[in-house]
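In: have a look; sequence and predicted model below, questions after that.
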Amino acid sequence: MIKKITKIGVLTSGGDSPGMNAAIRAVVRTGIYHGLEVFGIRHGYQGMLDDDIIKMEGQSVANIIQRGGTILKTARCMEFMTHEGRKKAFENLKKRGIQGLVIIGGDGSFKGAQTFSNEFDIPCIGLPGTIDKDIAGTDFTIGFDTAVNTAVEAIDKVRDTADAHDRLFIIEVMGRDAGYIALHSGIATGAENILIPERKTNPEEIIASLQEKKKRKKLVNLIIVAEGDEFGGANELSNYIKKEIPELETRVCILGHIQRGGSPSCLDRVIASRMGYHAVECLIEGKYNVFVGIVNNKMHYTPLNEAVKKKQKINEEWMNIVKILAT
Ligand code: ADP
């Protein structure tokens, strides 16, 4: 049966991503439009445990659509992994009469939401907020487009110096379990090779390709490595190449946290606004315990318990494109 929901909470959880603020704004303003009371829960699930909960008004989310990070802050919360922790969190929601939640985060946060909802019968709606784009059931995640554009801008700059000195640059981008930032930024910057966690790395093949290009005097080479590649990060690959081809001038550049920050791109602001709007509609219409995605430019709803089981697959054709275009 659909419960009449009058009070909802919104939180950001796990790793931050640009566009989370646009999503918070959309949830708050859509909720208020429908006559709901909206509460902001600070520091992710930790705020539910600590009762760090604030009433949100339309004005509370003014002037944030263009800002990176999250005004509600985010956190990882070990106590929420325990039943006792989640019970404490539920008591705080009950005290305020909060009947539904919108959770903006990655698959870990969705796991927490699913468990919480099963235990306490509180409807939860997920919004995919992660720069890694590692969630199946959506073509976009909030933050990926900004992060990958930041990576591309930085890699273009590195390419200038690689070109000036005829050097090989190995650039490490974010992605502990997913290679999407590496794959997209690598194709967009004309990388010679891209190493991602989803595929086994063949170091001999990399050496053979570099040797062959050296023979042809193709000297500017960029290799993009996702931080979670099983061969190791950029430093490990650089050491290996230096050992195999000592005469090749090789440098490493680790892009790091710049990829998480900054003003969200137009795409991230738009998808965050659409997803936030539809999250509230889900709570009102009784479409519970799903995450809101976009597939083929249409809203797409995946049950939270399915979302946590599936990973987005890498399209093998893309790897082939990298190889052909880098010749
Ligand atoms: P992300 O959401 O970015 O994937 P994490 O994996 O760190 O980030 O998850 C964020 C938070 O979600 C965790 O700190 C924890 O509070 C909660 N969480 C993750 N997995 C579970 C789980 N299996 N059960 C309960 N809570 C979880």
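Out: Received it, and whenever you're ready, just let me know what you need. Quick caveat: nothing in here was measured; it's all calculated off a predicted structure.
In: the residue in the stretch 201-327 of the chain positioned nearest to the ligand: what's its closest spatial neighbour, skipping adjacent residues?
Out: Ranked by Cβ to the nearest ligand atom, the top residue of the stretch 201-327 of the chain for proximity to the ligand is residue 308, at 8.1 Å. For glycine as for every other residue, the C-beta is placed from the backbone atoms N, C-alpha and C. Across the structure, with Cβ to Cβ, 6 or more residues apart in numbering as the measure, the residue nearest residue 308 apart from its sequence neighbours is residue 111 (4.8 Å).
In: now swap in residue 42 and tell me
Out: On the basis of Cβ to Cβ, 6+ apart, the spatially nearest residue to residue 42 that is not a chain neighbour turns out to be residue 52, at 4.4 Å.
In: please apply the same query to residue 156.
Out: Nearest one to residue 156, counting by Cβ to Cβ, 6+ apart, is residue 189 at 6.2 Å.
In: next one: residue 39
Out: Spatial nearest neighbour of residue 39, excluding adjacent residues (Cβ to Cβ, 6+ apart): residue 9 at 4.5 Å.
In: re earlier: okay, now the residue nearest to residue 156: neighbour count?
Out: Around residue 189 sit 19 other residues, with neighbours defined as other Cβ atoms under 10 Å.
In: how near is it to residue 182?
Out: Distance check for residue 189 against residue 182: by Cβ to Cβ, to the nearest Å, it reads 11 Å.
In: any residues in contact with both of the two?
Out: By the contact definition Cβ atoms under 8 Å, 6 or more residues apart in numbering, residue 189 and residue 182 are jointly contacted by residue 224.
In: in the chain, which residue is closest to the centre?
Out: Using Cα atoms, centre = their mean, the residue of the chain that lies closest to the mean C-alpha position is residue 130, 1.7 Å off.
In: which residues touch the closest residue to it other than its chain neighbours?
Out: With Cβ to Cβ, 6+ apart as the measure, residue 106 is the residue that lies nearest to residue 130, at 4.0 Å, once sequence neighbours are left out. By Cβ under 8 Å, 6+ apart, residue 106 lies in contact with 13, 14, 15, 128, 129, 130, 132, 134, 135.
In: what about the second one, which SS state?
Out: Secondary structure, DSSP: H, G, I helix; E, B strand; the rest coil: residue 14 is coil.
In: tally of neighbours for it?
Out: 22.
In: please apply the same query to the fourth one.
Out: Using other Cβ under 10 Å, residue 128 has 33 neighbouring residues.
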